[in-house]
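**Q** This is the structure alone, sequence omitted:
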DNA sequence: CAAATATAATAGTATTACTATCTGTTTTGC
DNA sequence: GCAAAACAGATAGTAATACTATTATATTTG
């Protein structure tokens, strides 16, 4: 076993003060997840969050430079959590293809597991990822932020699953493209199912998204 | 031939006054495409656009309710243009599978064709779609705006290609999912190739994105 | 040529996205 | 047990954003 991470880790450059280290910090995280879900990231402000947690916005600014940094923090936390789930779902499994199957299941399926932390609501966070995460990297500063390592936890997840793809079929030419297409596609289709059903096939059953992408991996790789 | 549209058409609810009908309107469109490309949609304001075209922002507000409506207008224009390209690339072709092939080529490939309009820069517009179009429908108002028909031109494109998928394989279960996955995937991978190359496989050649998705359609449908 | 339509010019408002400073209260390190 | 450091609260202030409103003036059209 090499390089396995058993705890959530986000790049310290993403915050001014670690929100995990204080009560107020944890309140900021848990309430921002709720508030972003309620009103959407575009309408979300530190002022409104401050009112919700009964703290001045200036206190929130001591933890995060701005709301964009907070969003990237949440996205980063999410992918670190997904990596944790991937590790656990594949540990002690020998067969690469079985490991890949289980990984795809983690990426496509509904995950009800929790990370042992009281202040993070993973279900609401997953919802934020589906709805808002594209805004984390569709900005004029992506390149800068990428250089600073802001998207490392996402890239690690893609890397991990891509490596499994290559273990199963070492000749496959586009492992990263396949994996990022599946990951983004699953989120996208879940969003479409809820808001733009004409772009998807929801009537074909609740698990059709998982079916579609699982089938895609299996047929494309051989 | 039924239901074929030979001109660009956007939902009139998207604008207060048709920008196509006046000089100022055309200036607003062509310069917004340039400015959004330069500074990004998030930093784009009607004030800055007004400075660029040397008109007060209040004049721009007579055409569009706000910058979000303008973005949806551009996205809508783009998909109407893509439909026009799809129609032309498949007209007079009898074989459904050849029609599908040509359609996928339009969706994946670089398109250098222009629509006969002087004021629209299709290349810059395509760039905006890749970078900013997700912001058009990842909002708290999607459902409302969808009801008003703001995303109709996009849905029509997906519908058109999905119908071809079913013509080739009438038993295929997820035509919409397949097509929207390809369309969104192509844009996404182009964005990744430029900004987050770890999520894609750009080193495998410039046309690897087109190859990957073309192969995906061919292998998944059989 | 009058009426309608268009743009320009200017002003003003509420909200957003911060920054700065100052005051207390805890925590910690010796 | 006490001083220093760290932390949160309170308040104020600024520039930019996202508009709305009004009036004046130029252009088009019936």
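**A** Thanks, I have it. Just so we're clear, the structure is a prediction, and the values are computed from it rather than from any experiment.

**Q** Am I right that residue A:113 is in contact with residue A:85?
**A** Yes - taking contacts as C-beta atoms under 8 Å, residue A:113 lies within contact range of residue A:85: 6.3 Å. All C-beta atoms are positioned from the backbone trio N, CA, C, and that covers glycine.

**Q** Compare the two (neighbour count), which wins?
**A** Just comparing residue A:113 and residue A:85: by other C-beta atoms under 10 Å in any protein chain shown the higher neighbour count belongs to residue A:85, 17 against 11.

**Q** and the more buried one, what is it in contact with?
**A** With contacts defined as C-beta atoms under 8 Å, 6 or more residues apart in numbering or on different chains, the neighbours of residue A:85 are A:106, A:111, A:113.

**Q** ok, now which ones touch residue A:102?
**A** A:89-90, A:93 are the contacts of residue A:102 under C-beta under 8 Å, 6+ apart.

**Q** Look up phi and psi at residue A:148.
**A** As for residue A:148, its main-chain torsions (degrees, to the nearest 10) stand at phi -80, psi 0.

**Q** In this structure it contacts residue A:72, no?
**A** No - counting by C-beta under 8 Å, no contact exists between residue A:148 and residue A:72, whose distance comes to 9.9 Å.

**Q** returning to that earlier point: output the contacts of residue A:85 as TSV; include the columns secondary structure.
**A** What follows is the contacts of residue A:85, written out as TSV (DSSP: H, G, I helix; E, B strand; the rest coil):
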residue	secondary structure
A:106	helix
A:111	coil
A:113	coil
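
**Q** and which of these is nearest to residue B:168?
**A** Taking C-beta to C-beta as the measure, residue B:168 sits nearest to residue A:106 out of those, at 32.8 Å.

**Q** Tell me how many other residues crowd the closest one.
**A** Using other C-beta under 10 Å as the criterion, residue A:106 is surrounded by 19 other residues.

**Q** Just the pLDDT for it.
**A** With respect to pLDDT, residue A:106 has a value of 96.

**Q** Now do the contacts for it.
**A** Taking C-beta under 8 Å, 6+ apart, we find residue A:106 in contact with A:82, A:85-86, A:89.

**Q** tell me which element residue A:104 is part of?
**A** helix A:96-108 (DSSP states H and E).

**Q** err, residue A:186, not the other one
**A** With secondary structure defined by DSSP H and E, residue A:186 is part of helix A:175-195.

**Q** and that helix, which residues are buried?
**A** Along helix A:175-195, these residues count as buried under the neighbour rule (16 or more other C-beta atoms under 10 Å in any protein chain shown): A:175-193, A:195.

**Q** Report the separation between whichever residue of chain A sits closest to DNA strand C and residue A:80.
**A** Scanning chain A for proximity to DNA strand C using C-beta to the nearest atom of the strand identifies residue A:66 as nearest, at 3.0 Å. Residue A:66 sits 21 Å away from residue A:80, going by C-beta to C-beta, to the nearest Å.

**Q** So between these two, which is more surrounded?
**A** A direct count of neighbours by other C-beta under 10 Å for residue A:66 and residue A:80 places residue A:80 higher, at 21 against 10.

**Q** And the more buried one, which helix or strand is it part of?
**A** helix A:67-90.

**Q** what's the angle between that helix and helix A:96-108?
**A** 140 degrees (axes from the mean of the first three to the mean of the last three C-alpha atoms, to 10 degrees).

**Q** And DNA strand D, is helix A:67-90 touching that?
**A** No - counting by C-beta under 7 Å from any atom of the strand, DNA strand D has no neighbours in helix A:67-90; the shortest distance is 13.3 Å.
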